[in-house]
Structures are given as C-alpha cells and as structure tokens.
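**Q** using only what follows, build the 3D model:
(one chain, ligands or ions: 1)
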Amino acid sequence: MSLDGTYDDGNIFAKILRGDMPAARVFEDEHVLAFMDVFPQARGHTLVIPKHSTARNLLDEDPAVLAELIKDVQRVARAVRAALKPDGLVVTQFNGALAGQTVYHLHFHIIPRWEGVPVGRHASGGMADPAELKVLAAQIAAQIS
Ligand code: 5GP
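**A** Numbering: from 1, shown residues only. You can find the predicted model right below:
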C-alpha cells in the first residue's frame, strides 16, 4: 500500500484493539496499547499503537495525538530497558509498503539489541512462542512507571 489510501479497520492491530485477535499485552491506558510483536526481530520486540486513531502511518496522524503517543513510546522503551537490560534499543516505524510497512495502523517498534546478537529481519522472522511472549510482556509490564 502506498502512502495514500484510507484506513482499513480490518487490519490486524484494529482487530487486536477490538479484542478480536489475541496479543501479549504489555500496557494500556485510554490512549495507547503496547503489546509484544509476534514475529519479533529480537527478544522483547514491543509495539506501541494509538487506540483511537485511523492514521495508517506517521504522516496521517494528528500532531496532538503523536505528541502524547511518543511519551508512551518512551515510557514503554524505558520499561523494556529496565526489564531486559539490553545494550541498545531501536525505536522505529515504517511508512508505506516500499518503506517496509506491513500493517496499516500507526505503530512504533521498540527493539532491544544485545552485543553480539544479530537483529532479525523485519516482519519476516519466525513466530514467537505465545507463552514466552506472555512472560516477556509481564516482565516489561512490571517495569512500567
Ligand atoms: P510494520 O511492518 O507495519 O512496520 O510492522 C508490523 C509488525 O507487526 C511486524 O513487526 C510484525 O511482525 C507484527 N505483526 C504482524 N502480525 C501480527 C500479529 O498478528 N500480532 C502481533 N502481535 N504482531 C504482528
């Protein structure tokens, strides 16, 4: 999908938000939901999405929503750091298929990195064990402040 287009509420993240699809939930408040990426590029790969949004990407989003969202991205990234003690953290997001975007509901990736551990390929790795994701989600959730 190009940068132009309309929001499709049949996307996977909309289904997760509605509770129609399961996810290992880390954190949620009235504005955002954070959950584990099911095809993680690294252990602890976490996604943060706005709840009440029909923005497919960063460019579509209301700046006021973005301003709040990035605070929660930082909050979750700090919790990932505290829980998993990575050596680095990638925070990223993709806009449009050509840029690598595969799910068209705005989201930020938080990807922990460890010295000597290669990062997996974006959206094309193996599926994680749901039980392991649940444990990681609980570990990260315990560090949300
Ligand atoms: P994008 O490619 O749009 O930047 O990122 C979408 C992300 O969603 C990818 O990292 C992919 O692994 C993840 N993903 C795709 N399907 C699901 C799903 O059903 N559940 C969860 N938790 N993550 C998903």
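**Q** which parts of stretch 108-126 are buried?
**A** 108-113, 119-120, 125 (16 or more other C-beta atoms under 10 Å). For glycine as for every other residue, the C-beta is placed from the backbone atoms N, C-alpha and C.
**Q** the residue lying closest to residue 104 once chain neighbours are set aside: what's it in contact with?
**A** Excluding the flanking residues, the one nearest residue 104 by C-beta to C-beta, 6 or more residues apart in numbering is residue 56, at 4.2 Å. Going by C-beta atoms under 8 Å, 6 or more residues apart in numbering, residue 56 touches 1, 5, 7, 104-106.
**Q** need the residues you listed in TSV with pLDDT, can you?
**A** Converted to TSV, the contacts of residue 56 look like this (pLDDT from 0 to 100):
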residue	pLDDT
1	63
5	90
7	96
104	97
105	98
106	98
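**Q** just these now: which is nearest residue 48?
**A** residue 106 (9.6 Å; C-beta to C-beta).
**Q** got the phi/psi numbers for the residue in the chain sticking out farthest from the centre?
**A** When distances are taken from the C-alpha mean of the chain, residue 116 lies farthest, 23.5 Å away, according to C-alpha atoms, centre = their mean. Dihedral angles of residue 116 (phi, psi; degrees, to the nearest 10) stand at phi 80, psi 0.
**Q** what of residue 25?
**A** phi -80, psi 130.
**Q** next SSE after the longest helix seen in the chain?
**A** The residue-count maximum for a helix in the chain (DSSP state H) belongs to helix 63-84. Toward the C-terminus, helix 63-84 is succeeded by strand 88-92 as the next helix or strand (DSSP states H and E).
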